Structures are given as C-alpha cells and as structure tokens.
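Engineer: Predicted coordinates and the sequence they were generated for:
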Amino acid sequence: QVLVAESGGGLVQAGGSLRLSCVVSGRTFGTYRLGWFRQAPGKDREYVAAISKNAVTTDYTSSVKGRFTISRDNAKNTVYLEMSNLKSEDTAVYYCAADSRGSAYYKSRGSGDYLHWGQGTQVTVSS
C-alpha cells in the first residue's frame, strides 16, 4: 500500500515563505515521479509543479515559476515544495501526488497521470 502524507502548511503573510513536505511510502521512493497540485475554494484542482524520478527534470506552472521550487530527497522518502514571495492567490489546499509509471525523466502536469494522492495541507496567505 502506498501512503502519501503532506505537512508544512499554515498561515503566512503575503511576501512570506513556507516549505511543504510530502513523505511517500510503500515502495522504493526513487521509483516515483512526483507532483504538487492545489485547490482553492470554489475552484478546480490545478497543477503546481512536478519532478521526475531522477530529479533531473522539473516543471512549474507559470504563476509560480521563480517563486516555488520542487525538490526531492530520496534518502528521506520526501518531496518538498519551497514557496517564497507568497501571494493571496496562492491560498489553497496543497496536494502531493506520486506515480511510478514512465521513464526516469518523465514528468506530468495531468492530475489523471498520478495514481497516489495525499489528503492535502492548507496554505493560507493573508494580505
């Protein structure tokens, strides 16, 4: 059984920073490609960032490029999302997703391309 657990959300002022963490267990962590998604109240879930199995390839949605950084630590079974210069529009529940399909360099923006999901962690940015 694959378990995905996010942490690190909270309340932060606009312009501040947060680091989200996500632990994935169930099989060798290095076999997973990983993604972060978010869902704001009344809106659909949207893609934020992704990282390939070998960590060589990363990708970001345009609204967070230059402010957010996705990384992974295979020794800790953990993927991170470093968020800086946060804006009120970043307020959402953030979800971590994992999937073992695809090549070492493959990454995906599609939520349907991830099999395993966490419960989410709330990020609230006050203006």
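Structural biologist: Received it, and whenever you're ready, just let me know what you need.
Engineer: so what's residue 113 up against?
Structural biologist: Counting by Cβ atoms under 8 Å, 6 or more residues apart in numbering, residue 113 touches 99, 101. Just so you know, the C-beta spots here come from the backbone N, C-alpha and C atoms, and that holds for glycine as well.
Engineer: Let the chain start at 29 from now.
Structural biologist: Let's use 29 as the start, then, which means that last one is residue 141.
Engineer: Looking at it now. What's its pLDDT?
Structural biologist: Taken from the predicted model, the pLDDT recorded for residue 141 is 93.
Engineer: Check residue 132 too.
Structural biologist: pLDDT, read off for residue 132, is 86.
Engineer: repeat for residue 29
Structural biologist: Taken from the predicted model, the pLDDT recorded for residue 29 is 89.
Engineer: where along this protein do the strands fall?
Structural biologist: Counting by DSSP state E, the chain has these strands, from start to end: 31-35, 38-41, 46-53, 61-67, 74-79, 86-88, 96-101, 106-111, 120-127, 144-145, 149-154.
Engineer: Paired strands for the last one, with orientation please.
Structural biologist: Okay, so that is strand 149-154. Strand 149-154 has the following strand partners under DSSP bridges: strand 38-41 (parallel), strand 120-127 (antiparallel).
Engineer: so of those strands, which one's packed in deepest?
Structural biologist: The highest mean neighbour count among those, using mean count of other Cβ atoms under 10 Å, belongs to strand 120-127: a mean of 23.
Engineer: hmm, who's touching it?
Structural biologist: For strand 120-127, with Cβ under 8 Å, 6+ apart as the criterion, the contacting residues are 30, 32-34, 37, 48, 50, 52, 60-68, 71, 73, 76, 107, 109, 136, 139, 141-151.
Engineer: hmm, 7 Å instead?
Structural biologist: Taking Cβ atoms under 7 Å, 6 or more residues apart in numbering as the criterion, the residues outside strand 120-127 that touch it are 30, 32, 34, 37, 48, 50, 52, 60-68, 107, 141-146, 148-151.
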